[in-house]
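>>> next comes the sequence, and after it the predicted model I'd like to discuss.
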Amino acid sequence: NSGSSWDKCDFETNLCKALPEFNLQPGWIRRNGQSGMGPPYSDHNGNESAYFLSLSSEMQSSSSSLRTNVFLPTDEEHVCQIRFHYWVSQMSGTLMVWLQKHSEDTVTNIWQVSGELRNQWNVNTITINSTENYEV
């Protein structure tokens, strides 16, 4: 599709534009595989010095979220796809993606994973449709 634009977010220098610094809730840390904090010991490309976001082990029993900036409405020409690599290691851990449209107080769960494919990097792409401004 012509006119498509991708914002790549790799956490190498900071948080990406989609994740404002002040929206990083307690427990989330930016680290790499050499941090001495346990697996994963590299990013999804096998790079030990590449950075990723990780939930600290002290947060095992509670939850913590990341919230994006505001995205504009989607339509036939402007489709939103969010592609991300993820690693789930805790036996009880669940990773969820929620959608909040600006006219609604509620958030909608649009994807989640728990349990399968543990201790390895996985990749997922979510397509989002919204006729109004939204956050993920």
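Noted; the coordinates are in hand.

>>> quick one: the helices in the chain, in order.
Along the chain, counting by DSSP state H, no stretch forms helices.

>>> ok, G38 touching S56?
No. Using CB atoms under 8 Å as the test, G38 is too far from S56 to be in contact (10.3 Å). For glycine as for every other residue, the C-beta is placed from the backbone atoms N, C-alpha and C.

>>> where does the protein dip in pLDDT?
Counting by pLDDT under 70, the chain shows low-confidence ranges at 1-4, 21-24, 60, 90-92, 115-117.

>>> recalculate using a threshold of 80.
Counting by pLDDT under 80, the ranges of the chain that qualify are 1-9, 13-26, 57-62, 89-93, 115-118.

>>> where's the residue positioned nearest the centre of the chain relative to I126, distance?
By CA atoms, centre = their mean, the chain has its centre lying nearest to F84, at 6.2 Å. Separation of F84 from I126 (CB to CB, to the nearest Å): 8 Å.

>>> equivalent analysis for P26, please.
In terms of CB to CB, P26 sits 25 Å off from I126.

>>> ok, how many other residues are close to the nearest residue to D75 once chain neighbours are set aside?
In this structure, D75 finds its nearest non-sequential neighbour in T131, 7.8 Å apart by CB to CB, 6 or more residues apart in numbering. Counted with other CB atoms under 10 Å, the neighbours of T131 add up to 10.

>>> likewise for W98?
Neighbour count for W98, taken as other CB under 10 Å: 15.

>>> for it, give the beta-bridge partners.
N109 (DSSP bridges).

>>> ok, back up a step: looking at P26 and I126, which is more packed in?
Using other CB under 10 Å as the criterion, P26 and I126 rank with I126 on top: 14 against 11.

>>> what sits against the closest residue to the more buried one other than its chain neighbours?
Nearest residue to I126, sequence neighbours excluded (CB to CB, 6+ apart): I82, at 5.0 Å. When contacts are counted by CB atoms under 8 Å, 6 or more residues apart in numbering, I82 touches V97, T125, I126, I128, V136.

>>> which one of these is nearest R118?
Checking those against R118 by CB to CB gives V97 as the nearest, at 18.5 Å.
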